[in-house]
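Engineer: pasting the structure only:
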């Protein structure tokens with residue numbers, strides 16, 4: 001038995017958070033996060049919608065809890081302007097999803113398996129933010145794909161390859177503004193839909209994306225391609241997913 005296996009999960013999480021905070025301070029990343037204020041939020045509210053993505057929220061016994069968690073997390077950064085060279089960090093704004101913070105129990109993917117915890121379903125929020133960021137040509141500082149594909153092509157709410165999993169204190173979604181204008185995210189839950197937009201005071205170019213999937217050694221491999229124009233494209237990333245036969249959706 002290794003020494004690492006003897007450390008309680010709570011202590012491991014605290015160590016991960018401490019390490020990440022120290023790393024952010026040493027690298028200067030801490031000072032790049034956009035600061036939140038009432039004045040900035042009012043500025044962001046005036047930004048016009050430039051790019052919008054609409055995703056279905058799958059109907060399940062956990063759907064209402066998921067909608068509640070989505071709305072609560074969205075309220076933490078709604079209309080917050082991210083200026084050029086600033087960085088949006090999912091966990092910096094959302095913080096740890098706990099019962100005390102008002103989150104409800106939902107489904108998460110943990111260690112490649114379905115699990116239940118407070119804040120379940122927030123990966124759809126981080127995923128749509130990632131998808132929006134790619135479409136707008138924003139810089140991806142940190143992003144983690146899911147390890148398992150839980151869906152079929154008929155049941156998934158976003159293309160395979162457009163997902164972004166987040167684990168508090170361990171895996172974050174970080175997006176850098178490399179545009180020539182500030183932008184903000186504006187999202188809402190409407191019925192069984194999650195609607196996300198990139199908003200800005202100036203026009204933002206919308207890039208065509210393609211997620212090309214094939215099967216390699218029994219796993220799904222996805223290449224994410226961004227088309228710069230009619231003749232030029234850029235490979236953003238390549239990732240693989242285990243194939244699951246789970247019936248539950250999140």
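Structural biologist: Right, received. Where do you want to start? Predicted model only: the values in this text are computed from it and were never measured.

Engineer: Which stretches in the chain count as strands?
Structural biologist: Listed in chain order, the strands of the chain (DSSP state E) span 48-56, 87-89, 105-110, 113-118, 139-142, 148-149, 174-176, 184-190, 193-200, 208-216, 219-227, 233-243.

Engineer: quick one, which of those is nearest to residue 67?
Structural biologist: The closest of these to residue 67 is strand 184-190. By C-beta to C-beta, the value is 5.0 Å. The C-beta positions use only the backbone N, C-alpha and C, and glycine is treated the same way.

Engineer: Buried ones in that closest one, by neighbour count?
Structural biologist: Within strand 184-190, the residues scored as buried using 16 or more other C-beta atoms under 10 Å are 184-187, 189.

Engineer: Adding distance to residue 154 and pLDDT, write these out as a markdown table.
Structural biologist: Shown next, in a markdown table, are the buried residues of strand 184-190 (distance: C-beta to C-beta, whole Å; pLDDT from 0 to 100):
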| residue | distance to residue 154 | pLDDT |
| --- | --- | --- |
| 184 | 33 | 98 |
| 185 | 28 | 98 |
| 186 | 29 | 98 |
| 187 | 25 | 98 |
| 189 | 22 | 97 |
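
Engineer: Looking at the residues you listed, spot the one nearest residue 210.
Structural biologist: residue 185 (23.2 Å).

Engineer: Isn't that closest one up against residue 80?
Structural biologist: Yes. Here residue 185 reaches residue 80: they are 7.5 Å apart, a contact under C-beta atoms under 8 Å.

Engineer: before we move on, the earlier item: return the member of the buried residues of strand 184-190 nearest to residue 239.
Structural biologist: Nearest to residue 239 among those, with distances taken as C-beta to C-beta, is residue 185, at 23.2 Å.

Engineer: And the closest one, how far from residue 230?
Structural biologist: According to C-beta to C-beta, to the nearest Å, residue 185 stands 29 Å off from residue 230.

Engineer: Could you list the low-confidence segments of this protein?
Structural biologist: 1-6, 9, 109-114, 245-250 (pLDDT under 70).

Engineer: if we can go back for a sec, which among the strands of the chain is found nearest to residue 29?
Structural biologist: strand 87-89 (6.8 Å).

Engineer: Can you spell out which helices and strands pack onto that closest one?
Structural biologist: If you count contacts as 3 or more C-beta pairs under 8 Å, 6 or more residues apart in numbering; DSSP states H and E, strand 87-89 packs onto strand 174-176.

Engineer: Give me the residues contacting the strand it packs on.
Structural biologist: 32, 82, 85-90, 129-130, 133, 138-143 (C-beta atoms under 8 Å, 6 or more residues apart in numbering).

Engineer: As TSV, the buried residues of strand 184-190 with distance to residue 22 would be great.
Structural biologist: Below are the buried residues of strand 184-190 laid out as TSV (distance: C-beta to C-beta, whole Å):
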residue	distance to residue 22
184	29
185	28
186	33
187	31
189	36
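
Engineer: So which of these is the closest to residue 151?
Structural biologist: residue 189 (19.7 Å).

Engineer: quick one, what contacts that closest one?
Structural biologist: 57, 67, 70-71, 74, 195.

Engineer: Pick out whichever of those residues sits closest to residue 150.
Structural biologist: residue 57 (14.8 Å).

Engineer: Cheers, nothing more for now.
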